[in-house]
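>>> just need the structure, nothing else, for what follows:
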Amino acid sequence: MQRKRYSPGRVPGTLLGLGAGLAVVAGALTGCSAADTAEDVTVDAKAGAAAAPVAPPGRYRTLFEPCGAVPQATLRDLLPGTAALTDVERAAVLRGTAAVTYDTDRRVGCAWTADSGNGTHRLVLDVERVVSYDPTVSDAARAQEVYTRKQLAAGIAVPETPAPTPTAPTTAATASGATKASATGVAATPTGTPSPPTASGGATPPGTGAPSAGTPSAPATTGLEPRLLGGLGDIAFVGDTLGTTGGSGTQRVVSVVFRTSNVIVTVEYRQRTTGAAAAPDSKELQDRAQNLARLLADRLEE
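As a prediction, this is how the structure comes out:
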């Protein structure tokens, strides 16, 4: 049998096919590796993205026990009717009645009531710890929103920051008039603008002279109106309302509200009179309520 001739440099067809197959497989592996690398880069880039800043938590995580927060001597001053009670009755009144809440770390309260010969005194204490569930809003900022609603409900407006007044641009005519006035030494007067009347002219410029008989005057203030208070917590106000009760009695309710970080404290002190007794004194009730509020503010600092 005759053998095939072998030519150096000539590659058999089988080897060529095998080489082409290996090249295809290598290309596929390279493509997969490149795709995997690109995908890994994408995942790493997402993992390394900067997260949104989280607002700081509030200063307070728990609340104090309210019924024991007011000293016994202070309670006796606020509830003068306890002086006529027996020791057992007085102890029961000064113990107070705790408010029913479902989470004492979020809200607590206590109330005391004592009757006297000509009326009733009642003290209510409410302490609320505000928590923000928005990670971008701090607990203190959310507490400020709650406090602001209480302030508006008391009829005290929230001061607004005035917007800056834009400066009017100087026109070419004004600049020209100023130049001429400087050169001649005479003040320039805009054309068509009447000069103000002299003292002998008889006319009185608007806004001057005696007001007309129908102009209402501003109401007199006593310094005891609902208002903001200084030196109490981060921000505070006092409210004061006077109303009538059944028959000919009157009732005055004084509320002192202050915020410290994410805690809001409300002290409500009311006195009700009966018959022909005089209306409760506003200054006396406000002074007592403010003194108690400052005592509680010091308690929060402990």
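
>>> which residues of the stretch 151-300 of the chain fall in helices?
According to DSSP state H, counting those that start in this stretch, the stretch 151-300 of the chain carries its helices in the segments 172-184, 282-300.

>>> what's the least confident stretch among those?
By mean pLDDT, the lowest-scoring of these turns out to be helix 172-184, with a mean of 45.

>>> list the buried ones in the helix or strand that contains residue 124?
When secondary structure is defined by DSSP states H and E, residue 124 falls within strand 119-129. By neighbour count on 16 or more other C-beta atoms under 10 Å, the buried set for strand 119-129 is 119, 120, 121, 122, 123, 124, 125, 126, 127, 128, 129. Placement of C-beta: from N, CA and C, glycine included.

>>> what angle sits between that strand and helix 282-300?
Taking axes from the mean of the first three to the mean of the last three C-alpha atoms, to 10 degrees, one finds that strand 119-129 is oriented at 30 degrees with respect to helix 282-300.

>>> by contact count, what packs against strand 119-129?
The contact analysis (3 or more C-beta pairs under 8 Å, 6 or more residues apart in numbering; DSSP states H and E) places strand 119-129 against helix 72-78, strand 107-116, strand 263-273, helix 282-300.

>>> output that strand in CSV with nothing but the alpha carbons.
In CSV, the C-alpha atoms belonging to strand 119-129 read as follows (Å, rounded to 0.1, in the frame of the first residue of the first chain):
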residue,chain,number,x,y,z
GLY,A,119,-63.4,76.9,95.9
THR,A,120,-61.1,74.2,94.5
HIS,A,121,-57.4,74.0,93.5
ARG,A,122,-56.3,71.4,91.0
LEU,A,123,-52.7,70.7,89.7
VAL,A,124,-52.1,68.5,86.7
LEU,A,125,-48.6,67.5,85.5
ASP,A,126,-48.0,66.0,82.0
VAL,A,127,-44.6,64.9,80.8
GLU,A,128,-44.1,63.6,77.2
ARG,A,129,-40.9,62.2,75.6
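
>>> please name the strands paired to that strand in the sheet, noting orientation.
Partners of strand 119-129 in the sheet, by DSSP bridges, are strand 107-116 (antiparallel), strand 263-273 (antiparallel).

>>> give me the mean pLDDT for it.
Model confidence over strand 119-129 averages 96 on the pLDDT scale.

>>> check stretch 147-163 too.
Within the predicted structure, the mean pLDDT of stretch 147-163 is 88.

>>> contacts for it, please.
The list of residues contacting stretch 147-163 from outside it, by C-beta atoms under 8 Å, 6 or more residues apart in numbering, reads 226, 227, 228, 235, 237, 239, 255, 257, 259, 264, 266.

>>> check contacts around residue 53.
Each residue near residue 53 by C-beta under 8 Å, 6+ apart is listed here: residue 136.

>>> ok, it to residue 142 distance?
As for residue 53, its distance to residue 142 is 16 Å (criterion: C-beta to C-beta, to the nearest Å).

>>> related to what we said a few turns ago, highest mean neighbour count out of the strands paired with strand 119-129?
Across the strands paired with strand 119-129, the average number of neighbours (mean count of other C-beta atoms under 10 Å) peaks for strand 263-273, which reaches a mean of 22.

>>> re the thing from before, just the closest of the buried residues of strand 119-129 to residue 299, please.
Using C-beta to C-beta, the shortest approach to residue 299 within the buried residues of strand 119-129 belongs to residue 127, at 9.8 Å.

>>> near residue 298, how many other residues are there?
Each residue near residue 298 was counted by other C-beta atoms under 10 Å, and the total is 9.

>>> roughly how far does residue 282 sit from residue 221?
Residue 282 is 13 Å from residue 221, by C-beta to C-beta.

>>> what about the helices in the stretch 1-150 of the chain?
Listed from the start of the chain, the stretch 1-150 of the chain has helices (DSSP H, counting those that start in this stretch) covering 13-47, 72-78, 87-95, 139-153.

>>> which secondary structure elements does the shortest one contact?
Helices and strands touching helix 72-78, by 3+ C-beta pairs under 8 Å, 6+ apart, are helix 87-95, strand 119-129, helix 282-300.

>>> repeat that for the third one.
Contacting helix 87-95 under the criterion 3+ C-beta pairs under 8 Å, 6+ apart are the following elements: helix 72-78, strand 107-116.

>>> kindly format the C-alpha coordinates of it as PDB.
What follows is helix 87-95 as a C-alpha-only set of coordinates in PDB (Å, rounded to 0.1, in the frame of the first residue of the first chain):
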ATOM      1  CA  ASP A  87     -53.500  63.500 108.300                       C
ATOM      2  CA  VAL A  88     -54.900  60.500 106.600                       C
ATOM      3  CA  GLU A  89     -56.900  62.600 104.100                       C
ATOM      4  CA  ARG A  90     -54.000  64.900 103.500                       C
ATOM      5  CA  ALA A  91     -51.600  62.100 102.800                       C
ATOM      6  CA  ALA A  92     -54.100  60.600 100.200                       C
ATOM      7  CA  VAL A  93     -54.500  63.900  98.400                       C
ATOM      8  CA  LEU A  94     -50.800  64.700  98.300                       C
ATOM      9  CA  ARG A  95     -50.100  61.200  97.000                       C
END
